[in-house]
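Enquirer: This is a predicted model, with the sequence first.
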Amino acid sequence: MERPNYSATAPVPAGPKRNSLGLRIWHWASGSLVIFQLITILFISIIVKAKTLAPEFSKVLAEKGVTMAPDQVRGLSRIVAHRIWDWHIWAGLALSALLAYRVLMSFRHRGSQRTSAKIAHLQAQAAQGNAAARRGIWIRYAYRVFYVVLAVLVVTGLILVFEDYFRSIEHTAKEIHEISMYLVLAFSVAHIVGVFRAEVTDAPGLVSGMINGGESVEQA
């Protein structure tokens, strides 16, 4: 009788990662764009604000022997603000494309990669008294709310970009856009704090899982 060869182990086929490549690309790309958007708002609202930047321009021009009227100096400072607004708009358009990509990608997920499957898994653990799983369910639903808020932010931003076609709702869209921006900022801060807390307590490996995909999952 032939003895089995234990020295050569057959490779174990690896299934799809829990966090798909598309999800990981979307996560880091959209996160970077959101941070960039917030930085542009910070620059426009505080650092290059026309009322505070114009006196600085006047001072520098005076040192060079150049005299300009106050309205001309304000116009000069607005050039800088408009350039940053252009960056803000282009980043917003890229974020719009990423959001559409995220929606299409959700239909391509299979088995345990689907958000509904992840929630069902957490619910099964929560039914056994797992407190971390119960908290995870709320976090998953919070992500869904975030996607809705992000969609509102993107849609209102597009309305403001193409404002010539939406004059009747431009003011309302601007107010909703600003509120949505603050909600996205609040979620981003809460997300970073929550991930850090989970990494050092009951769920280590979240960040690495969003880089390498995490564990393999079954595919239905």
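Expert: Received the coordinates, thanks.
Enquirer: Can you get me a residue count around Y101?
Expert: Residues near Y101, counting by other Cβ atoms under 10 Å, number 15. C-beta coordinates here come from the backbone N, C-alpha and C atoms, glycine included.
Enquirer: does G22 count as helix, strand or coil?
Expert: State at G22, reduced to three classes by DSSP: H, G, I helix; E, B strand; the rest coil: helix.
Enquirer: I'd like the distance between the most centrally placed residue in the chain and S188.
Expert: Nearest to the geometric centre of the chain sits G31, at 3.3 Å (Cα atoms, centre = their mean). As for G31, its distance to S188 is 8 Å (criterion: Cβ to Cβ, to the nearest Å).
Enquirer: Which positions within stretch 169-188 qualify as buried?
Expert: A173, I176, H177, S180, M181, L183, V184, F187 (16 or more other Cβ atoms under 10 Å).
Enquirer: picking up where we left off before, need the mean per-residue confidence for the helix or strand harbouring the residue nearest to the centre of the chain.
Expert: Element membership for G31, per DSSP states H and E: helix 21-42. Averaging pLDDT along helix 21-42 gives 89.
Enquirer: Does anything pack onto that helix? Which helices or strands?
Expert: In this structure, helix 21-42 packs against helix 70-106, helix 170-200, helix 206-212, with contacts taken as 3 or more Cβ pairs under 8 Å, 6 or more residues apart in numbering; DSSP states H and E.
Enquirer: Rebuild those as CSV, extending it with mean pLDDT.
Expert: Shown next, in CSV, are the helices and strands packed on helix 21-42 (pLDDT from 0 to 100):
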stretch, mean pLDDT
helix 70-106, 83
helix 170-200, 90
helix 206-212, 85
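Enquirer: Minimum distance to I119: which of those helices has it?
Expert: Nearest to I119 among those is helix 70-106; the distance by Cβ to Cβ comes to 13.4 Å.
Enquirer: Please find the angle between the direction vectors of the closest one and helix 170-200.
Expert: 60 degrees (axes from the mean of the first three to the mean of the last three Cα atoms, to 10 degrees).
Enquirer: roughly how far is helix 70-106 from the heart of the chain?
Expert: Centroid separation for helix 70-106 versus its chain: 15 Å, with Cα atoms, centre = their mean, to the nearest Å.
Enquirer: buried ones in the helix or strand just after it?
Expert: Under the assignment DSSP H and E, the closest C-terminal helix or strand after helix 70-106 is helix 115-127. Buried positions in helix 115-127, judged by neighbour count with 16+ other Cβ under 10 Å: A117, K118, L122, Q125, A126.
Enquirer: What is helix 115-127 packed up against?
Expert: helix 131-161.
Enquirer: Any idea which of the helices and strands packed on helix 21-42 gets closest to V60?
Expert: Minimum separation from V60 across the helices and strands packed on helix 21-42 (Cβ to Cβ) falls at helix 70-106, 10.0 Å.
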